[in-house]
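> Just a sequence and a predicted model for now, questions to come.
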Amino acid sequence: MYNRKKDQPAKIIAVIIVLFVFGLIKQANTDPKGFLLSVQVILGIVFGIYLLKRLFRNKNLNTYTVIDSDQIRLPYRRKDYLLSIAERNFYEVLNKISEENNFLLFAKVRLEDLLWLPSGLSWSERLSFRGRIKSRHIDFVICDRENIRPLLAVELDDSSHEREDRKERDENIDHILHDAGLPILHIPVQQFYNLEEILNQIRNKISA
């Protein structure tokens with residue numbers, strides 16, 4: 001629904017800005033130094049308004065706003081599938097192995113949920129180390145059933161892992177998990193999986 005009252009402040013501000021610009025033009029002809037100072041002040045005010053607008057916009061995203069009878073809907077949408085077809089096929093393999101060996105299987109686990117940083121680090125160090133794992137996840141994690149303790153990270157590698165950027169990403173994560181004491185197993189995507197072979201790889205990694 002169109003809201004005239006909402007547009008009135010914007011119109012008033014626009015008129016004020018126009019009048020102010022005409023005043024600056026007149027001042028530029030009579031007092032150049034004063035004109036430069038006024039421009040600097042205006043730029044500071046505009047930047048301050050921009051920062052305040054960003055701040056309030058971020059706060060408003062955390063609330064459910066209703067304007068007249070129209071509801072503002074956030075743009076998020078639920079995915080149809082958590083796993084890709086290849087991931088789902090491999091999940092069934094790992095799930096069967098987990099059920100038969102008293103493991104628990106989890107998918108799409110954030111590195112921040114698997115790792116922690118000890119005390120004694122400076123603020124900048126902590127920020128840097130957290131940045132290396134932020135927004136990254138492991139395809140699958142095998143845990144013990146009793147304590148849900150992470151035993152093994154499992155990555156399903158498709159053809160994208162052959163790219164140089166993905167190789168660098170994989171090497172970085174392998175390094176991080178190795179130093180954290182959590183083994184990781186890379187399995188290439190296959191049409192058919194040998195359960196016994198994969199189970200042996202899992203046991204070797206966990207017992208190493």
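On my side now, so go ahead. Residues are numbered from 1 along each chain as shown.
> okay, now Leu156: neighbour count?
Neighbour count for Leu156, taken as other C-beta atoms under 10 Å: 22. Placement of C-beta: from N, CA and C, glycine included.
> Give me the contact list for the helix or strand where it lies.
Element membership for Leu156 (DSSP states H and E) is strand 150-157. Applying C-beta atoms under 8 Å, 6 or more residues apart in numbering, the contact partners of strand 150-157 are 86-87, 90, 94, 103, 109, 114, 138-144, 170, 173, 177, 182-189, 202, 205-206.
> filter those to the buried ones?
Among the contacts of strand 150-157, those scoring as buried are 87, 90, 94, 103, 109, 114, 138-143, 173, 177, 182-185, 187, 189, 202, 205 (criterion: 16 or more other C-beta atoms under 10 Å).
> so who does Ile198 touch?
Per C-beta under 8 Å, 6+ apart, neighbours of Ile198: Val93, Leu94, Ile97, Ile187.
> got the contact list for the last one?
The one in question is Ile187. Ile187 neighbours (C-beta under 8 Å, 6+ apart): Phe90, Val154, Glu155, Leu156, Asp157, Tyr193, Ile198, Gln201.
> cool, the third one as well?
Ile97 is in contact with Phe103, Leu195, Ile198, Leu199, Ile202, counting by C-beta under 8 Å, 6+ apart.
> now it: how far from Phe90?
11 Å (C-beta to C-beta, to the nearest Å).
> so what's His186 bridging to?
Glu155 (DSSP bridges).
> In this structure it contacts Asp170, no?
Yes. Counting by C-beta atoms under 8 Å, His186 touches Asp170, with 7.4 Å between them.
> got any ranges where this protein has weak pLDDT?
For the chain, the stretches with pLDDT under 70 are 1-44, 46-48, 50-70.
> and it, what are its domains?
When the chain is parsed with automatic domain parsing, its domains come out as 4-71, 85-207.
> Quick check: end-to-end length of the longest one?
End-to-end distance of domain 85-207 (C-alpha to C-alpha, to the nearest Å): 30 Å.
> Can you show me the strands along the protein?
66-67, 70-71, 103-110, 137-144, 150-157, 184-188 (DSSP state E).
> Which of those strands sits closest to Trp123?
strand 103-110 (21.9 Å; C-beta to C-beta).
> State the distance from the nearest residue to Ile173 once chain neighbours are set aside to Ile45.
The shortest distance from Ile173 to any residue other than its chain neighbours is 6.7 Å, reached at Arg136 (C-beta to C-beta, 6 or more residues apart in numbering). Using C-beta to C-beta, Arg136 is found at 41 Å from Ile45.
> more neighbours, these two?
The neighbour comparison of Arg136 against Ile45 (other C-beta under 10 Å) goes to Arg136, with 13 against 10.
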